[in-house]
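Engineer: Need a 3D model of the sequence below.
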Amino acid sequence: MAPKAADLRPEAEPQVSPESPRLKPEEQELEQKRTEQASLEAELADRELRSANLRAELGAFERQYLHFVGSRYAELDEKKAQIAERLAQEQPHNERAQQAACEARARANETQSAAGERSARAPRAFEARPELKRLYREVAKRIHPDLTADRDDRSKRQQLMAEANTAFERGDEQQLAQILTEYECSPEAVQGEGPGAELVRVIRRVSQMRSRLAEIEAETQALLRSDLFQLKTRVDDAQKNGRDIVKEMIAKVDVQIALAARRLDDFKQGGC
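Structural biologist: Reported below is the predicted structural model:
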């Protein structure tokens, strides 16, 4: 049986896909370092956010404490200083009375300095909204000064991060967004070309980010060990159990202020 015409056609050669161009060693390392950099950028942004949030919460708590409690202690110490000074005036040759008056006045001045001027408006507690946290994380991920080796760019980033921290504590989402937009459009955001040079930059960024992560950890641990954090923790835990420690402290100091005021009145009326 004669073969069919279709059987006489040569077999089609298999299609061979072109090989993907092999990356140079420095390009391969650059890709690896970029992956590491991206991971560290995300971690650094999260750590910066947690650190900024902790600082803002403690700052707000300190302002509240000074407003409600610290100012009362300043008032109490001032009355105690006045009492000690009255006693010293009545006993000009009593060295202990003179020394006690000096110490009481110094303590009153120190307390007043720490408490500052009491404002008519009570400070608010700090609580960051999700959008505020997201914006701050983006700013830290893109603008943090430890992410660049260029001196001029670093200086610019430091200024912007300081502004970002202030905006975060104020809860100013619009300012954070504006900071991010302005930097993204700035000349400092333009990077050079070439895998070799870029690899060096990425390696330095990775090293800088690791150093910054270690600094944040040290700063955070210092805050967590501070007396202010311990006091805030006590207050927060007590509130969960229905107690208001700050209110209790206010009531206690108010009683002491009333007693000191009564004693001062006795001095004015000629009593002892």
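
Engineer: wait, what's in contact with residue 100?
Structural biologist: By Cβ atoms under 8 Å, 6 or more residues apart in numbering, the contact set of residue 100 is 84, 87, 88. To be clear about C-beta, it is placed using only N, CA and C from the backbone, and glycine gets the same treatment.

Engineer: Can you tell me the closest non-neighbouring residue to the second one?
Structural biologist: If the residues on either side of it in the chain are set aside, residue 87 comes closest to residue 97, at 5.3 Å by Cβ to Cβ, 6 or more residues apart in numbering.

Engineer: Residue 197 and residue 208: what is the separation?
Structural biologist: Between residue 197 and residue 208 the computed distance is 17 Å (Cβ to Cβ, to the nearest Å).

Engineer: Need the pLDDT of residue 118.
Structural biologist: If you check residue 118, the pLDDT there is 55.

Engineer: Inside helices: which ones of the contacts of residue 100?
Structural biologist: If you go by DSSP state H, the contacts of residue 100 have 84, 87, 88 in helices.

Engineer: any idea which of those residues is closest to residue 168?
Structural biologist: residue 84 (44.1 Å; Cβ to Cβ).

Engineer: Any idea how far the helix ranked longest in the chain is from the middle of the chain?
Structural biologist: Taking DSSP H as the criterion, the chain has its longest helix at helix 25-65. For helix 25-65, the distance from its own C-alpha centre to the chain's C-alpha centre is 12 Å (Cα atoms, centre = their mean, to the nearest Å).

Engineer: In three-state terms, label residue 124 for me.
Structural biologist: For residue 124, the secondary structure call by DSSP: H, G, I helix; E, B strand; the rest coil comes out as coil.

Engineer: is it true that it touches residue 60?
Structural biologist: Yes. Between residue 124 and residue 60 a contact is recorded at 6.8 Å, counting by Cβ atoms under 8 Å.

Engineer: between those two, who's got more neighbours?
Structural biologist: For residue 124 and residue 60, the more surrounded residue by other Cβ atoms under 10 Å is residue 60, and the numbers stand at 17 against 10.

Engineer: if we can go back for a sec, so which strand or helix has the residue nearest to residue 87?
Structural biologist: helix 95-115 (DSSP states H and E).

Engineer: Only the buried residues of that helix, if you could.
Structural biologist: Across helix 95-115, burial judged by 16 or more other Cβ atoms under 10 Å covers 97, 98, 100, 101, 104, 105, 107, 108, 111, 112, 115.

Engineer: Skip the chain neighbours and tell me the closest residue to the fourth one.
Structural biologist: For residue 101, the nearest residue in space outside its immediate sequence neighbours is residue 88; the separation is 3.8 Å by Cβ to Cβ, 6+ apart.

Engineer: need the contact list for that neighbour.
Structural biologist: When contacts are counted by Cβ under 8 Å, 6+ apart, residue 88 touches 94, 97, 98, 100, 101.

Engineer: hmm, try it at 7 Å
Structural biologist: 97, 98, 101 (Cβ atoms under 7 Å, 6 or more residues apart in numbering).
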